[in-house]
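Colleague: Fold the following for me, if possible:
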Amino acid sequence: MHNKDVIIEELNSIGITNLDDVFYNLSVPHLYEHIIYRREGSIGEMGPMVVRTGQHTGRSPNDKFIVKESSSEKNIWWGKVNIPFEESKFDQIFDRMKLFIQNKELYIQDCYAGADPDLKMPIRVITETAWHSLFAKNLFIPPGEDLSNHQPEFTVIDMPNFHASVEKDNTNSEVFILLNFKRKLVLIGGTSYAGEIKKSIFTILNYILPLNGVLSMHCSANVGTNKDVALLFGLSGTGKTTLSADPLRKLIGDDEHGWSDKGIFNFEGGCYAKVIRLSKEAEPDIYNVTQKFGTVLENVSVDSESRMLNLDDDSLTENTRAAYPLRYIKNIEESGSGPHPKNIIMLTADAFGVLPPIAKLTYEQALYHFLSGYTAKVAGTEKGVTEPKATFSTCFGAPFMVHHPSVYANLLGEKIKKHDVKCWLLNTGWTGGPYGVGSRMKIAYTRRMLNAALNGELDNVDYFDDPYFGLKVPLFCPDVPSDILNPRNTWIDKNAYDEAANRLAAMFHNNFKQFSDIVTLDVLNAAPKAKAGAVL
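Modeller: You can find the predicted model right below:
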């Protein structure tokens with residue numbers, strides 16, 4: 001175990017000096033005591049720690065920058081996602097941040113990112129608040145008993161009460177998330193949303209691992225009794241966390257993984273699940289962790305007297321979250337790793353109601369849909385959105401991909417071919433019409449279709465070709481009404497379906513133009529079959 005003098009010396013080496021006190025790798029009960037003493041949160045019924053993130057209840061993608069410096073700039077896909085930041089401006093903010101830190105108490109968690117012993121990255125998370133330290137303790141991989149040799153590869157410094165100056169610092173707001181690959185530092189300020197810590201480390205791994213031939217992925221993973229690993233790619237709200245928590249399969253992880261020459265491994269030691277309107281019946285494992293001591297609940301409503309939670313209350317945000325260790329889930333793969341996957345599932349929540357609920361993908365279609373990363377937001381989730389809105393997020397995680405998308409797509413393609421992986425598209429969205437007309441696909445049906453794909457029940461059934469999206473759609477799935485397998489059958493107004501399907505197909509085409517010069521003709525031809533005259 002590091003003693004305090006060693007930690008202070010290491011902090012001094014990066015210019016952090018004159019501290020009031022340092023609290024190093026505190027246990028969960030100790031952190032609870034600090035959080036309550038400092039009035040950072042309150043304890044909900046059954047013991048979870050309930051906190052508020054204030055103004056910022058989600059990530060601030062327009063406030064994330066990467067320092068442009070000689071060691072990394074040639075590898076980075078600069079643009080709207082990876083916004084360059086001057087080294088001198090980074091130093092300027094860091095100098096002021098170091099002054100801000102003086103005479104303060106700091107919380108430090110030393111932990112790891114990456115469950116593969118050969119690839120794990122030692123990290124250090126330095127926070128202004130005790131609850132952010134608890135978040136880091138829950139989300140990352142615990143270091144074990146001996147910390148004497150823990151030398152962080154990257155350090156995250158999170159100071160929510162330190163703000164940038166737009167005029168002085170060339171930031172977009174008072175919020176900033178600055179990644180410096182040369183200095184191996186991440187600076188976060190102006191926001192209390194803890195997800196910035198998690199996603200900064202993910203972004204770093206998305207830079208480092210592909211340079212060594214390891215595919216970094218925004219996906220969940222689980223494994224069956226026959227050691228058959230499944231990967232589930234998907235954007236927020238598509239069911240990635242929910243569907244990977246399956247009583248019949250062991251959970252490897254719910255959000256971030258690597259795929260090396262040895263197989264799959266989780267980046268994290270915990271989960272960060274959305275909990276708005278969580279159902280005890282449909283999602284019992286995740287529901288149960290909201291009742292546990294040690295879980296951090298962000299922006300969840302709690303009664304001031306009884307301390308009972310109200311998971312249905314979205315008055316603060318739709319993006320209510322629970323951060324908890326993986327061990328809080330009953331059925332987990334304790335190693336955090338598994339062999340090469342047998343199946344890849346690409347999840348979408350199609351609010352237009354036109355994609356089939358499940359379809360088998362060819363190799364070329366898998367690459368097409370991986371690069372597209374499609375889902376749809378529903379009306380009401382954003383100001384001014386009155387009808388479903390298509391969202392395309394490259395590699396199902398564009399905000400965190402540092403290299404050009406072709407780097408990740410090429411690695412995925414190589415691994416799919418080498419390990420003969422079956423690929424599927426699973427639509428957890430609407431059936432019988434778009435949002436507002438149709439209904440959300442029953443989760444019981446979605447789970448049954450997913451399990452049928454994973455256990456081979458769909459290998460020998462008949463398929464039909466979807467005329468708009470070119471997908472192979474099964475005509476039969478056990479325990480699922482056959483009429484819902486063809487989405488057109490579920491619409492009363494068939495002409496309205498045709499119009500909506502054609503429109504979405506055209507949206508796919510329009511989005512994919514950016515990749516037309518980096519993919520093969522076969523992948524281009526795997527596109528949906530939009531007919532002339534589609535109105536975007």
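Colleague: helices or strands up against the helix or strand that contains L411?
Modeller: L411 belongs to helix 405-418 when elements are defined using DSSP states H and E. In this structure, helix 405-418 packs against strand 215-223, helix 363-372, with contacts taken as 3 or more CB pairs under 8 Å, 6 or more residues apart in numbering; DSSP states H and E. Glycine gets a C-beta too; all of them are placed from N, C-alpha and C.
Colleague: what's the following helix or strand after it?
Modeller: Per DSSP H and E, the helix or strand that comes after helix 405-418 is strand 422-427.
Colleague: where does this structure dip in pLDDT?
Modeller: The model of the chain has pLDDT under 70 over residues 1, 379-386, 531-536.
Colleague: now do 90
Modeller: Residue ranges of the chain with pLDDT under 90: 1-6, 144-149, 236-237, 239, 241-242, 245-248, 279-285, 330, 377-389, 529-536.
Colleague: Now stretch 492-502: buried residues?
Modeller: Y497, D498, A500, A501, N502 (16 or more other CB atoms under 10 Å).
Colleague: could you give the angle of the helix or strand that the last one is a member of to helix 363-372?
Modeller: Read it as N502. Counting by DSSP H and E, the element that carries N502 is helix 494-512. If you take axes from the mean of the first three to the mean of the last three CA atoms, to 10 degrees, helix 494-512 sits at 80 degrees to helix 363-372.
Colleague: other SSEs contacting helix 494-512?
Modeller: Against helix 494-512 (3+ CB pairs under 8 Å, 6+ apart) you get helix 363-372, strand 389-392.
Colleague: chain center to the first one: distance?
Modeller: The offset between the C-alpha centroid of helix 363-372 and the centroid of the whole chain comes to 19 Å, using CA atoms, centre = their mean, to the nearest Å.
Colleague: Check which helices and strands that helix sits against.
Modeller: strand 341-348, helix 405-418, strand 422-427, helix 494-512, helix 521-524.
Colleague: Quick check on the closest residue to V51 other than its chain neighbours: phi, psi?
Modeller: Residue nearest to V51 in three dimensions, not counting chain neighbours: G41, with 4.0 Å by CB to CB, 6 or more residues apart in numbering. Dihedral pair for G41: phi -170, psi -180, per degrees, to the nearest 10.
Colleague: Check which residues of stretch 313-330 are buried.
Modeller: Neighbour-count burial for stretch 313-330 [16+ other CB under 10 Å]: T317, E318, N319, T320, R321, A322, A323, Y324, P325, L326, Y328, I329.
Colleague: got the contact list for the third one?
Modeller: To tie it back to what came earlier, the one meant is N319. Listed by CB atoms under 8 Å, 6 or more residues apart in numbering, the contact set of N319 reads T57, G58, K274, I276, N299.
Colleague: Determine the number of other residues adjacent to E387.
Modeller: Residues lying near E387 (other CB atoms under 10 Å) number 12.
Colleague: need the buried residues of stretch 492-502 in TSV with distance to V289, can you?
Modeller: Converted to TSV, the buried residues of stretch 492-502 look like this (distance: CB to CB, whole Å):
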residue	distance to V289
Y497	40
D498	44
A500	38
A501	39
N502	43
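Colleague: wait, what's in contact with I197?
Modeller: Taking CB under 8 Å, 6+ apart, one finds V125, T127, H132, F135, A136, L139, V156, D158, I188 in contact with I197.
Colleague: gap between the fifth one and I108?
Modeller: It refers to A136. 9 Å (CB to CB, to the nearest Å).
Colleague: With neighbour numbers in mind, choose between those two.
Modeller: Per other CB under 10 Å, whichever of A136 and I108 has more neighbours is A136, with 27 against 21.
Colleague: Tell me which residues are up against the helix or strand harbouring that one.
Modeller: Applying DSSP H and E as the criterion places A136 in helix 130-139. Applying CB under 8 Å, 6+ apart, the contact partners of helix 130-139 are 23, 25-26, 28, 31-32, 34-35, 38, 40-41, 49, 51, 107-109, 111, 125, 127, 156, 158, 160, 192, 194, 197-198, 268-272, 294-296, 323-325.
Colleague: Now stretch 310-317 - C-alpha only, PDB.
Modeller: C-alpha atoms of stretch 310-317 as PDB (Å, rounded to 0.1, in the frame of the first residue of the first chain):
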ATOM      1  CA  ASN A 310     -38.900   7.000  -7.400                       C
ATOM      2  CA  LEU A 311     -37.300   5.600 -10.500                       C
ATOM      3  CA  ASP A 312     -40.100   6.900 -12.700                       C
ATOM      4  CA  ASP A 313     -39.500  10.500 -11.900                       C
ATOM      5  CA  ASP A 314     -37.700  12.300 -14.800                       C
ATOM      6  CA  SER A 315     -38.100  15.800 -13.400                       C
ATOM      7  CA  LEU A 316     -34.300  16.200 -13.200                       C
ATOM      8  CA  THR A 317     -33.400  14.300 -16.300                       C
END
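Colleague: Helix, strand or coil: sort out P478 for me.
Modeller: Under the three-state scheme (DSSP: H, G, I helix; E, B strand; the rest coil), P478 adopts coil.
Colleague: could the helices and strands packed on helix 405-418 go into a markdown table alongside distance to P478?
Modeller: Listed next are these as a markdown table, based on distance: least, CB to CB, whole Å:
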| stretch | distance to P478 |
| --- | --- |
| strand 215-223 | 20 |
| helix 363-372 | 24 |
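Colleague: So which of these is the most surrounded?
Modeller: strand 215-223 (a mean of 26; mean count of other CB atoms under 10 Å).
Colleague: could you check the angle helix 405-418 makes with that one?
Modeller: 40 degrees.
Colleague: Strand 341-348 and strand 215-223, what's the angle between them?
Modeller: Using the same axes, to 10 degrees, strand 215-223 lies at 100 degrees relative to strand 341-348.
Colleague: after strand 215-223 comes which helix or strand?
Modeller: strand 229-233.
Colleague: How far does that following strand sit from its chain's centre?
Modeller: 13 Å.
Colleague: The helix or strand following it packs against which elements?
Modeller: Sequence order places helix 240-244 as the next helix or strand after strand 229-233, per DSSP H and E. If you count contacts as 3+ CB pairs under 8 Å, 6+ apart, helix 240-244 packs onto strand 215-223, strand 229-233, strand 270-274, helix 443-454.
Colleague: Out of the ones you listed, the one nearest G263 is which?
Modeller: Nearest to G263 among the helices and strands packed on helix 240-244 is strand 229-233; the distance by CB to CB comes to 7.2 Å.
Colleague: what residues does the closest one touch?
Modeller: 217-224, 239-240, 243-244, 249, 252, 257, 263-264, 338-347, 370, 373, 396, 426, 454.
Colleague: What strands line up against it, and which way round?
Modeller: strand 215-223 (antiparallel), strand 341-348 (parallel) (DSSP bridges).
Colleague: Quick one: the ones you listed as JSON lines, columns for distance to S439 too.
Modeller: Shown next, in JSON lines, are the strands paired with strand 229-233 (distance: least, CB to CB, whole Å):
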{"stretch": "strand 215-223", "distance to S439": "25"}
{"stretch": "strand 341-348", "distance to S439": "17"}
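Colleague: ok, and what's touching stretch 514-530?
Modeller: 362, 364-365, 367-368, 371, 404-406, 409, 467-470, 502, 504-506, 508-509, 512.
Colleague: Now list the buried members of those residues.
Modeller: Of the contacts of stretch 514-530, these count as buried by 16+ other CB under 10 Å: 364-365, 367-368, 371, 404-405, 409, 468-470, 502, 504-506, 508-509, 512.
Colleague: I'd like to know how many residues surround T242.
Modeller: So T242, with other CB under 10 Å, has 24 neighbours.
Colleague: Out of the buried residues of stretch 313-330, which sit inside strands?
Modeller: R321, A322, A323, Y324, P325 (DSSP state E).
Colleague: Distance to F392 for those - can I get that in TSV?
Modeller: Shown next, in TSV, are these (distance: CB to CB, whole Å):
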residue	distance to F392
R321	24
A322	28
A323	28
Y324	31
P325	33
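Colleague: Show me which pair in these is furthest apart.
Modeller: Among these, R321 and P325 lie farthest apart (CB to CB), at 14.6 Å.
Colleague: Which element, helix or strand, includes I286?
Modeller: Per DSSP H and E: helix 284-289 holds I286.
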